[in-house]
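[1] sequence? don't have it. structure:
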């Protein structure tokens with residue numbers, strides 16, 4: 001009996017942020033398959049080599065994406081640290097910093113500051129994100145538990161994939177801010193999933209391949 005497609009899968013499991021830890025609570029599952037008939041039992045060398053090649057490609061791709069996301073979140077944490085060191089950042093300076101961040105970090109489309117009342121106050125860029133201005137981010141019980149828990153514990157939170165009011169699919173990193181020991185909101189990075197993947201998938205890659213990305217157990221792409 002023949003099947004269509006041979007799938008190789010790799011799971012990348014991160015750790016929750018805590019003292020001295022940089023890795024987000026991130027699970028990436030990268031699956032690759034090629035659409036042609038393979039025997040149910042791989043017996044030929046060429047087929048075994050193909051399966052091995054796909055598995056290696058899946059591991060490499062998963063590693064690259066994970067390293068990239070972790071690097072972006074580290075940079076966001078440095079931006080948050082400047083806020084804390086200065087007991088807040090001047091609004092114009094914040095917008096300059098955020099504009100440079102978006103320009104320099106592929107996949108991150110938007111930086112926000114959410115205040116201590118959990119409302120989005122500053123956005124860079126504002127164009128295309130107007131609907132998020134003033135948004136109350138704990139609009140359901142699950143997000144309230146997650147974000148209030150993060151603010152109390154000083155824990156960076158990474159959301160599952162979300163369909164944003166801005167009109168695209170993304171996941172969001174929330175970095176809690178503290179000024180003189182008091183919670184002062186979040187520095188927020190929004191990752192456009194489509195743009196993030198475009199950095200790693202060569203043109204035409206999906207022709208004849210199946211690709212799936214999961215974040216925290218939820219299919220993102």
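    That came through fine. Model, not experiment: these values are computed from the prediction.

[2] Residue 195 in helix, strand or coil?
    helix (DSSP: H, G, I helix; E, B strand; the rest coil).

[3] you'd agree it is up against residue 109?
    Yes. Judged on C-beta atoms under 8 Å, residue 195 makes contact with residue 109 at a distance of 6.5 Å. For the C-beta atoms, the positions are set from N, CA and C on the backbone; glycine is no exception.

[4] Between the two, which has more neighbouring residues?
    Neighbour count, other C-beta atoms under 10 Å: between residue 195 and residue 109, residue 109 has more, with 21 against 14.

[5] how close does the closest residue to the more buried one other than its chain neighbours get to residue 76?
    Nearest non-adjacent residue to residue 109, counting by C-beta to C-beta, 6 or more residues apart in numbering: residue 192, 4.4 Å away. The gap separating residue 192 from residue 76 is 15 Å, by C-beta to C-beta, to the nearest Å.

[6] Check residue 124 too.
    13 Å.

[7] hey, which helix or strand in the chain has the poorest pLDDT?
    When the helices and strands of the chain are scored by mean pLDDT, DSSP states H and E, strand 2-13 comes last with a mean of 32.

[8] Now do the contacts for residue 82.
    89, 97 (C-beta atoms under 8 Å, 6 or more residues apart in numbering).

[9] Make sure it is indeed in a helix.
    Yes. Using three-state DSSP, the assignment for residue 82 is a helix.

[10] ranges for the helices of the chain?
    45-85, 91-104, 141-153, 193-198 (DSSP state H).

[11] Residue 159 is nearest to which of the ones you listed?
    Of all those, helix 141-153 sits nearest to residue 159, with 8.0 Å by C-beta to C-beta.

[12] Can you report how many residues lie near the closest residue to residue 200 other than its chain neighbours?
    Spatially, and ignoring its direct neighbours in sequence, residue 200 is nearest to residue 64 (5.7 Å; C-beta to C-beta, 6+ apart). Applying other C-beta under 10 Å, we find 13 residues neighbouring residue 64.

[13] where does this protein have low pLDDT?
    1-48, 50-51, 54, 202-221 (pLDDT under 70).

[14] domain ranges for the protein?
    With domains defined by automatic domain parsing, the chain comprises 2-69+196-219, 90-195.

[15] The longest one: end-to-end distance?
    Right, domain 90-195. This stretch, domain 90-195, spans 30 Å end to end (C-alpha to C-alpha, to the nearest Å).

[16] check contacts around residue 122.
    91, 94-95, 98, 112-113.

[17] distance of the residue nearest to residue 109 from residue 164?
    Distance, residue 192 to residue 164, using C-beta to C-beta: 9 Å.

[18] and for those two, which residues touch both?
    Any residue near both residue 192 and residue 164 by C-beta under 8 Å, 6+ apart counts here, and that gives residue 170.

[19] give me phi/psi at residue 164?
    In terms of degrees, to the nearest 10, the main-chain angles of residue 164 are phi -80, psi 160.
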